[in-house]
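Visitor: Okay, structure incoming, though there's no sequence with it:
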C-alpha cells in the first residue's frame, strides 16, 4: 500500500484512493477463497464417485491450501502492479488541476508568509471569541442572579405593603406600630391554639 496520504484526492472522491484499493484487494481475496472452496467441493464429489479411490479429504484440503497459497502469491504480485498503476494514473489528481472549491486560490494567491500570518490571525480571533464567550456567560449568570434578587426584593416590598395596609386598617399608620400589632396578634393566636389543644386533650380523656 502507498504511504502517500493523497489528501487532495480524498477531498474530491470523499475517500482515500488507498482505501479504495484496499477494498478491491479484500474483495478479490474473498472471491479467490470462495472459488477455491467451490473447486475443493467439486474435487471431493468427483473423487467420491470413483471406485477404489484412496485420496482422502485431508489430502485434498492440503493440496487446495497449497494451490491457494500459490494463487495468492501470484495475485499479490499482480495487485501490487495494478495498485501502482491506479494510484499514479487513475486515482491521482494532476498537480496543475484545482478543484472548483479551490479556484479562489488561483485568483487570489498568497505566499507562505501571508498564509502563516492568516493562520495566526485566525488563532487570535478564536482566542478572542472564546474570551468573549466566557465573558458573556459570566454576565448572563450575573443577570440571572440579579433577577432572583429583584424577585426577592419585590416579595419583601409586597410584604411591607401588606403590613402597612394591615396597620392602617387597625388604626396604626406607623410601620413599627404595625409590626408590634402583628406580633401581638400572632401571640394571641398562639395562645388560642394552645388553649384549644389543651381542651381537645381534656375532652379525649373524659
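Guide: That came through fine. This structure is a prediction, so every number in the text was calculated from the model and none was measured.
Visitor: which ones are touching the most centrally placed residue in the chain?
Guide: In the chain, the residue lying closest to the centroid (Cα atoms, centre = their mean) is residue 130, at 20.2 Å. Contact analysis of residue 130 by Cβ atoms under 8 Å, 6 or more residues apart in numbering lists nothing. Where you see a C-beta, it was placed from the backbone N, CA and C, and this is true even at glycine.
Visitor: Buried residues, stretch 40-52. List them.
Guide: Neighbour-count burial for stretch 40-52 flags residue 40 (criterion: 16 or more other Cβ atoms under 10 Å).
Visitor: nearest residue to residue 21 other than its sequence neighbours?
Guide: residue 83 (5.0 Å; Cβ to Cβ, 6 or more residues apart in numbering).
Visitor: how near is residue 55 to residue 198?
Guide: 112 Å (Cβ to Cβ, to the nearest Å).
Visitor: Any stretches of this structure with poor pLDDT?
Guide: 1-4, 105-108, 160-161, 163-164, 166-183, 185-186, 189, 196, 199-206 (pLDDT under 70).
Visitor: At which residues are the helices of this protein located?
Guide: 7-13, 17-49, 57-85, 103-107, 112-169, 175-205 (DSSP state H).
Visitor: what angle do the second one and helix 57-85 make?
Guide: Spelled out, it's helix 17-49. 160 degrees (axes from the mean of the first three to the mean of the last three Cα atoms, to 10 degrees).
Visitor: helices or strands up against helix 17-49?
Guide: When contacts are defined as 3 or more Cβ pairs under 8 Å, 6 or more residues apart in numbering; DSSP states H and E, helix 17-49 packs onto helix 7-13, helix 57-85.
Visitor: Kindly recompute the last result at 7 Å.
Guide: Under the contact criterion of 3 or more Cβ pairs under 7 Å, 6 or more residues apart in numbering; DSSP states H and E, helix 17-49 touches helix 57-85.
Visitor: List the buried residues of the helix it packs on.
Guide: For helix 57-85, by 16+ other Cβ under 10 Å, it's 60, 64, 68, 72, 79, 82, 83.
Visitor: list the helices and strands that helix packs on?
Guide: Using 3+ Cβ pairs under 7 Å, 6+ apart: helix 57-85 touches helix 17-49.
Visitor: Distance from the chain centre to the helix it packs on, please.
Guide: 40 Å (Cα atoms, centre = their mean, to the nearest Å).
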